[in-house]
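Engineer: my questions concern the predicted model and sequence given below.
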Amino acid sequence: MNNHTPLVALIGNPNAGKTALFNALTGLNHKVSNYPGVTVERRVGKAQIEGAMVNIMDLPGTYSLIPESQDEAIVADEVNKWSRMVEKPVCIISVVDSTNLNRNLYLTSQLLDLGIPVLVALNMTDLARKKSLNIDTAELQKKLGCSVVVPVAARLEEGIDDLKNAVKTILDKKPLNKYSKMVPLPEPIRKAIQPVSDWFRKQKHFHSRMAQAQALRVVSSNNNGQFEEDGLSTLIETARRTVDNLGFPHSTLEATIRYHWLDQVVPPTDINIKTKTRSERIDNILTHPVLGPVIFIGILAFIFQSVFTWATVPMDWINNGISMFGDSVSGLLPAGIVRDLTVEGIIGGAGAILVFLPQILILIFFLALLEDSGYMARLAVMMDKAMTMVGLHGRSVLPLMIGYACAIPGIMSTRTINSWRERLVTILVTPLMSCSARIPVYALMIGAFVPAKQVWGFFGLQGLTLVLMYFLGTATALVLSLLFSRWIKADHNKSFIMELPPYRVPMMKSILRQVYTRGKVFITDAGKIIMVISICLWFLASFPRNETDNRTNSDITYSYASKIGHMIEPVIQPLGFDWKIGIGLVTSFAAREVMVSTMATIYNVEGEGDKIISLTDALKNDVDPVSGKHVYTPLVALSLMVFYVYAAQCMATFAVVRRETNSWKWPLFMIVYMTGLAYFASLIVYQGGLWLGFA
């Protein structure tokens with residue numbers, strides 16, 4: 001970060017709209033959703049404010065500067081840096097939900113004590129208007145003593161220019177109120193915490209305002225482990241006893257003082273009862289103990305049915321387009337290695353994975369709808385009891401649901417879980433949720449070997465098979481959660497509390513932005529890996545060549561890839577897999593979807609002529625030259641899908657687990673248990689199927 005560029009920090013409660021405001025100010029497209037805990041790390045973007053370049057920092061949502069979870073600790077650590085004048089922002093934008101002023105302004109009151117100019121962004125004013133909430137911003141600004149109060153609606157980009165003008169006023173060194181009011185302390189309380197305040201001022205070089213605010217926080221905090229330095233813990237314990245003797249329970253001291261002050265600052269507000277009742281009526285159905293889970297299962301079934309039904313036409317378009325493009329390139333290039341590499345390796349291998357992009361985008365679209373509508377947060381509350389039975393709680397639901405799209409953001413979102421055991425268990429089982437990278441493998445096998453017919457006159461058999469794969473991973477994750485939670489020692493149990501956001505109509509602009517971003521990531525990030533592996537695999541599958549360079553179907557049998565595959569084959573043969581699948585299992589350790597491009601490259605190299613073959617047809621027609629039997633059968637396809645339900649095939653995931661747990665122990669454990677689970681589950685499916693008479 002350029003030290004000469006002014007820094008503006010966005011801080012607010014979870015789901016207050018910080019990231020939406022961040023996007024509006026910077027023009028970036030970070031994910032926003034209608035549930036708390038979307039932002040779990042520090043982000044910085046640049047914004048032009050009337051010709052001045054400003055760094056805008058988006059921090060995770062927090063209810064207080066006393067952290068209860070890892071994402072809240074990020075905010076507290078950042079604020080502590082400012083108290084030591086390290087990268088101190090020129091101002092703080094306190095993002096406040098206009099529909100819940102009293103609770104949101106608690107954090108604002110803490111920010112006012114930092115001695116940094118505070119701009120209050122009253123966000124979601126559009127929702128406040130619908131609830132007939134009228135807020136006197138001038139009076140609120142006067143009572144808070146902040147620099148300015150600006151009403152905004154970040155989703156609609158209303159009030160953004162006014163907010164930029166307020167920031168520009170600060171940049172021009174003309175703040176309306178440079179130093180905000182401090183929350184007044186009763187004199188006996190101020191004297192009781194004064195020794196702690198003096199310690200922070202002398203030992204940590206905090207200025208007096210920040211020292212007093214920090215003293216109030218640590219005396220109220222229940223976390224004693226971080227206060228062991230230089231006699232601080234003794235001073236804190238003495239202050240706590242004094243406060244208790246004064247009749248103020250120290251554990252609620254800060255909350256009592258700040259909310260007492262806020263009751264005088266924020267006038268009582270009348271809420272539109274009709275709007276509230278409508279929301280409650282929806283909740284009575286969607287979170288009902290019996291109807292709720294049934295509706296959720298129905299929603300998932302509809303989504304997975306749609307993944308196959310809606311994607312068929314665009315998949316055919318892409319498949320035909322790739323074939324036509326490959327044929328055109330083949331006709332333009334002269335015969336030789338360059339043409340073979342381009343057509344068989346790059347277009348045939350990397351292009352094969354693009355066919356499944358529509359299915360991935362449809363899944364992301366529906367998940368984004370659930371998030372933006374507010375349903376995802378209700379799901380966490382509804383599933384809390386079930387999660388408790390397996391050693392978790394409702395806050396684990398969101399990471400697991402995010403895992404359906406990708407395990408990496410799912411694992412990162414566990415930072416909102418304040419219990420280390422529950423967070424670790426959630427991390428360990430999140431990769432079992434079938435992510436979008438598994439869809440190409442599932443879709444390839446289901447499309448080739450599961451007939452496209454209706455079951456019970458309504459459900460498609462292909463869609464039901466996909467639902468089965470998702471159910472298998474989810475059910476196993478819950479069972480293992482119970483086992484892991486009993487094995488891993490608990491630090492402490494905490495109750496699950498989550499604020500339910502209001503229902504709202506999803507903004508299609510935001511939904512499509514998420515779909516576009518995810519599709520772009522799939523094509524660029526995964527595409528780079530697939531491209532490199534496809535090229536390398538083409539060389540392994542194409543060499544050594546005959547001296548005449550006249551290729552036949554048997555050439556690949558003597559290739560390097562074949563030799564490597566046949567070394568693996570004895571280990572995986574009991575699962576119904578041949579050497580080609582073995583190569584795919586190895587290459588897909590980089591990313592699961594590489595399995596499909598690997599198979600496409602191998603079959604394109606093996607095929608006659610220079611036309612790109614249909615991978616589905618190649619799998620159906622592949623015959624073992626020794627036995628004369630089909631290599632792939634419905635039983636082999638089921639065995640392979642079950643293997644990928646559990647397989648530890650994603651190095652990026654394990655790198656994130658290493659970072660989140662700060663240890664190699666857990667990613668290595670994850671690789672071992674997931675690989676072992678995948679092998680034995682696939683073994684049971686294939687050998688059990690043979691025993692039952694399925695070929």
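Structural biologist: Perfect, I can see it now. Numbers count the residues shown, from 1 in each chain.

Engineer: find the nearest non-adjacent residue to residue 601, please.
Structural biologist: residue 349 (3.6 Å; Cβ to Cβ, 6 or more residues apart in numbering). For the C-beta atoms, the positions are set from N, CA and C on the backbone; glycine is no exception.

Engineer: try residue 614
Structural biologist: residue 319 (7.3 Å).

Engineer: any idea how far that neighbour is from residue 621?
Structural biologist: 17 Å (Cβ to Cβ, to the nearest Å).

Engineer: domain-wise, how is the chain divided?
Structural biologist: 7-171, 187-265 (automatic domain parsing).

Engineer: pLDDT below threshold where in this protein?
Structural biologist: 1-3, 31-40, 83-87, 174-181, 223-230, 267-279, 457, 490-496, 545-555, 608-610 (pLDDT under 70).

Engineer: number of residues surrounding the residue nearest to residue 614?
Structural biologist: Using other Cβ atoms under 10 Å, residue 319 is surrounded by 19 other residues.

Engineer: how about it, secondary structure?
Structural biologist: Taking DSSP: H, G, I helix; E, B strand; the rest coil as the rule, one finds residue 319 in the helix state.

Engineer: do I have it right that it meets residue 613?
Structural biologist: No: if you go by Cβ atoms under 8 Å, residue 319 and residue 613 don't touch, sitting 11.1 Å apart.

Engineer: show me what the helix or strand where residue 376 lies is packed against.
Structural biologist: Assessed by DSSP states H and E, residue 376 sits inside helix 375-382. Here helix 375-382 touches helix 273-286, helix 291-309, helix 397-402, going by 3 or more Cβ pairs under 8 Å, 6 or more residues apart in numbering; DSSP states H and E.

Engineer: most packed of those helices?
Structural biologist: Of the helices and strands packed on helix 375-382, the one with the most neighbours on average (mean count of other Cβ atoms under 10 Å) is helix 397-402, at a mean of 25.

Engineer: all strands of the stretch 401-550 of the chain, in order?
Structural biologist: 454-455, 459-460 (DSSP state E, counting those that start in this stretch).

Engineer: tell me which of those sits nearest to residue 334.
Structural biologist: Residue 334 lies closest to strand 459-460 among the strands of the stretch 401-550 of the chain, at 45.9 Å (Cβ to Cβ).

Engineer: mind listing residues that contact the closest one?
Structural biologist: Defining contact as Cβ atoms under 8 Å, 6 or more residues apart in numbering, one finds that strand 459-460 is touched by 301, 305, 308-309, 452-454.

Engineer: any chance of the strands of the stretch 401-550 of the chain in a markdown table, plus distance to residue 116?
Structural biologist: As requested, those are arranged in a markdown table below (distance: least, Cβ to Cβ, whole Å):
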| stretch | distance to residue 116 |
| --- | --- |
| strand 454-455 | 62 |
| strand 459-460 | 58 |
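
Engineer: closest one to residue 665 among those strands?
Structural biologist: strand 459-460 (43.1 Å).

Engineer: measure the residue nearest to residue 590 when sequence neighbours are not counted to residue 444 for me?
Structural biologist: In space, and not counting its chain neighbours, residue 590 is closest to residue 529: 5.2 Å by Cβ to Cβ, 6+ apart. Taking Cβ to Cβ as the measure, residue 529 and residue 444 are separated by 18 Å.

Engineer: which of these two has more neighbours?
Structural biologist: Set residue 529 next to residue 444 and count neighbours by other Cβ under 10 Å: residue 444 wins out with 24 against 18.

Engineer: OK, contacts around the nearest residue to the more buried one once chain neighbours are set aside?
Structural biologist: In this structure, residue 444 finds its nearest non-sequential neighbour in residue 596, 5.7 Å apart by Cβ to Cβ, 6+ apart. Residues in contact with residue 596, defined by Cβ under 8 Å, 6+ apart, are 352-353, 356, 440-441, 444, 615.

Engineer: so which of the residues you listed belong to helices?
Structural biologist: 352-353, 440-441, 444, 615 (DSSP state H).

Engineer: dump these to a markdown table, plus distance to residue 628.
Structural biologist: Formatted as a markdown table, those follow (distance: Cβ to Cβ, whole Å):
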| residue | distance to residue 628 |
| --- | --- |
| 352 | 27 |
| 353 | 31 |
| 440 | 30 |
| 441 | 27 |
| 444 | 24 |
| 615 | 22 |
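
Engineer: looking at those, which is nearest residue 422?
Structural biologist: Nearest to residue 422 among those, with distances taken as Cβ to Cβ, is residue 441, at 30.5 Å.

Engineer: pretty sure the closest one sits against residue 598.
Structural biologist: No: Residue 441 is not in contact with residue 598 according to Cβ under 8 Å; the separation is 10.8 Å.

Engineer: overlap in contacts of these two?
Structural biologist: Between them, residue 441 and residue 598 share no contacting residue, judged by Cβ under 8 Å, 6+ apart.

Engineer: let's verify residue 206: helix, strand, or coil?
Structural biologist: From three-state DSSP, the assignment for residue 206 is coil.

Engineer: burial count for it?
Structural biologist: Around residue 206 there are 23 residues (other Cβ under 10 Å).
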